[in-house]
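K.L.:
Below are the sequence and a predicted model for it; my questions follow.
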Amino acid sequence: MAALNHADALIFDLRDNRGGYTNMVVFLASYLFDHPEYMFNPRDPITEQTWTRCPVAGSLLVDNPIYILISSRTYSGAEQFRYDLKMLKRATLIGETTGGASHYGVLHNLDDHFAVGVPEHRPVNPFFDKDWAITGIEPM
């Protein structure tokens, strides 16, 4: 990330991003703030809080304009990253409404040939109690 310190702006192209992990959302967002930000509640009902790990030593990105490109093929963790930066008014969003895959879960093996995925978690931004399951997230 240090290689980006002298950029005039940051563009995150999430148009074909199928998702990712909560830890990566927090990791990337930590470079974009100069103080800890309360990002989202990773479990429903709420049992723990997640904060950015700021400030990141050597990061000069906290004042850079941020643009996030999104499409109907943006899902899950990529939606979560985009959702939190929208709620925190940290990014300009460009593109289409996202795919709407917010509830992530666990794969349970039923036997040697069958498994079922069961949604077990619902990310919720602390400033806005709605998630984006099925509806997706509209650009600003």
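P.N.:
Received it, and whenever you're ready, just let me know what you need.

K.L.:
how much space is there between residue 15 and residue 137?
P.N.:
13 Å (CB to CB, to the nearest Å). Using the backbone N, CA and C atoms, a C-beta is placed for each residue, glycine as well.

K.L.:
for residue 110, that is, sorry about that
P.N.:
Between residue 110 and residue 137 the computed distance is 33 Å (CB to CB).

K.L.:
Tell me which of the two has more neighbours.
P.N.:
residue 137 (21 against 8; other CB atoms under 10 Å).

K.L.:
and the closest residue to the more buried one other than its chain neighbours, what does it touch?
P.N.:
In this structure, residue 137 finds its nearest non-sequential neighbour in residue 98, 4.6 Å apart by CB to CB, 6 or more residues apart in numbering. Contact analysis of residue 98 by CB atoms under 8 Å, 6 or more residues apart in numbering lists 70, 71, 72, 74, 75, 78, 79, 82, 132, 136, 137.

K.L.:
Likewise for residue 132?
P.N.:
Here residue 132 is in contact with 79, 83, 98, 100, 102 (criterion: CB under 8 Å, 6+ apart).

K.L.:
likewise residue 75?
P.N.:
With contacts taken as CB under 8 Å, 6+ apart, residue 75 has the following neighbours: 17, 18, 19, 98, 99, 100, 101.
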